[in-house]
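Enquirer: based on what follows, work out the 3D shape:
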Amino acid sequence: MPSIKAVLRKTKLANDRFPIALRVTKNRRSKFFKTPYSVLETEWNSNTGEFNKRNQNYIQNNRLLNKYKERAYKIITDLEIENEFYTLEDFEKVFRINKNPINQNIFNFGDKVVADMKACGRMGNGRAYYDTLNSLKRFQRNRHLTFKEINCGYLDRYETHLRSRGGSDGGIGVRMRAIRALFNMAIKHEYIPESLYPFKVYKISKLKAKRFKSALSLEEINIIANLDLDEHPHLIHYRNYFLFSFYTRGMNFADMVHLTWDNIIDDRIFYTRSKTKVNFQVKTIKPVKEILEFYQDYPSDTKYIFPILLKENLTLKQIENRKHKIMGHYNNALKEIALLASIEKKVTTYVARHSFATCLKHKGISTDIISESLGHQNIVITQTYLKSFSNFVIDDATEVLL
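Expert: The predicted model follows:
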């Protein structure tokens, strides 16, 4: 029978405490398994492998630590029944991966996912998971939530909670897809069994956003372009961003933020779309050239075309925070611009992209060409963009009956 003992690891933490691990020894080989506990060296009895009386909660902590030992012994017993020649690696898979309560807690697991995403520069995705986890914490009211507890009934209750707070199908779908992705990652890494997956019963497809995708006509785009903003100088940059996006085939704000003068070669803009990693080259037609000329004369100490990132060599977190802040200002400014232009439609940053696609369709450009120009991976996405245009065509066709 292997021996199991709780021991202090030698690496001291920043708070002068030492992490506690379970040491499992079999056939003179040892492996260490992390526990959630750490302790000051003076509060630990190295002979018995327990918290001593100097630890404020030593009785409770020893009970909890004993539960880890009991679970380890149970795994060993089960393994010996199944296969007397099992290895420490067999024990490790069951203890660390399949039955580790740390990884079975969706908040602990989610925090690791968010940290990994931020470390590799996927700040937008990291923020989406972070927001979903915070939303779940508000619903749960504590951090004790295992994957096992999230079944179809739990998701139904969570959906009701989100609706009570004004959540739409689209917003709720974002939350549910993030939770589903966490389940898929946990299953892939064998932290939880596939049998816990609740999305075979709970269908996210029912949460298709029914919101009408707003798009401006070319006439409305021209009204915005010709607005006199002399009395509203704070709106000039945001109008430029909107028109630039429209005339550059719906370039996303995230890509405009990072656009530099080096991206422009021989009257074309070369860039890689951050969302899909697709390479684009866009011709600088007259409205785009006029906006670029405006910023050529605009005072700036950076390589960037637009005065959004005001410094170079910012950290990924600083860039994400700046983009998030300016995006809020941008959308508020577009509300003001729409009001000045007497446009009743809701105008947001993404409306420029929808408007570009719809205006091309109105001019008779085929859907497959529009799909190519937007960089969509399949034409179905483009058809979703153009659905509102199709409705108008049907309305016009129906008029012939009158």
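
Enquirer: from now on I want contacts and neighbour counts done on CA atoms only, so please keep to that.
Expert: Will do.

Enquirer: roughly how far does residue 111 sit from residue 175?
Expert: 15 Å (Cα to Cα, to the nearest Å).

Enquirer: hey, which helix or strand in the chain has the poorest pLDDT?
Expert: Lowest mean confidence among the helices and strands of the chain (mean pLDDT, DSSP states H and E): helix 387-398, at a mean of 48.

Enquirer: if we can go back for a sec, neighbour count winner among residue 111 and residue 175?
Expert: Just comparing residue 111 and residue 175: by other Cα atoms under 10 Å the higher neighbour count belongs to residue 175, 21 against 15.

Enquirer: before we move on, what SS does that one have?
Expert: helix (DSSP: H, G, I helix; E, B strand; the rest coil).

Enquirer: can you check residue 142 too?
Expert: coil.

Enquirer: check what pLDDT it gets.
Expert: Residue 142 carries a pLDDT score of 79 in this model.

Enquirer: gap between it and residue 299?
Expert: Taken as Cα to Cα, the span from residue 142 to residue 299 is 50 Å.

Enquirer: can you check residue 172 too?
Expert: On the measure of Cα to Cα, residue 172 and residue 299 end up 43 Å apart.

Enquirer: and the two? Which one has more around it.
Expert: Shown here are residue 172 and residue 299; by other Cα under 10 Å, residue 172 has more neighbours (21 against 8).

Enquirer: I'd like the next helix or strand past the strand or helix carrying the more buried one.
Expert: Counting by DSSP states H and E, the element that carries residue 172 is helix 169-188. As assigned by DSSP H and E, the chain's next helix or strand after helix 169-188 is helix 218-225.

Enquirer: what sits up against the host helix or strand of residue 153?
Expert: Residue 153 is located in helix 152-164, with elements delineated by DSSP H and E. With contact meaning Cα atoms under 8 Å, 6 or more residues apart in numbering, helix 152-164 is reached by 136, 139, 172, 198, 199, 201, 202.

Enquirer: save these as TSV, and put in pLDDT and distance to residue 356 too.
Expert: Below are the contacts of helix 152-164 laid out as TSV (pLDDT from 0 to 100; distance: Cα to Cα, whole Å):
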residue	pLDDT	distance to residue 356
136	94	37
139	94	40
172	91	28
198	95	39
199	94	36
201	93	39
202	94	36
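
Enquirer: give me the PyMOL select line for these, limited to the buried ones.
Expert: In PyMOL, this line selects whichever of the contacts of helix 152-164 come out buried by 16 or more other Cα atoms under 10 Å:
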select buried, resi 136+172+198+199+202
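
Enquirer: ok, which pair from the contacts of helix 152-164 is furthest apart?
Expert: Spatial extent of those (Cα to Cα) is set by the pair 139 and 201 at 21.1 Å.

Enquirer: and residue 249, that's in a strand?
Expert: No. Under three-state DSSP, residue 249 sits outside any strand and is assigned coil.

Enquirer: that one against residue 374, yeah?
Expert: Yes. Using Cα atoms under 8 Å, residue 249 is in contact with residue 374, at 6.2 Å.

Enquirer: need the overlap of contacts for the two.
Expert: residue 357.

Enquirer: contact partners for the residue nearest the centre of the chain?
Expert: Closest residue to the average C-alpha location of the chain: residue 125 at 2.2 Å, with Cα atoms, centre = their mean. Contact analysis of residue 125 by Cα under 8 Å, 6+ apart lists residue 117.

Enquirer: numbering from 20 from now on, please.
Expert: OK, 20 is where the count begins now, so the last one is residue 144.
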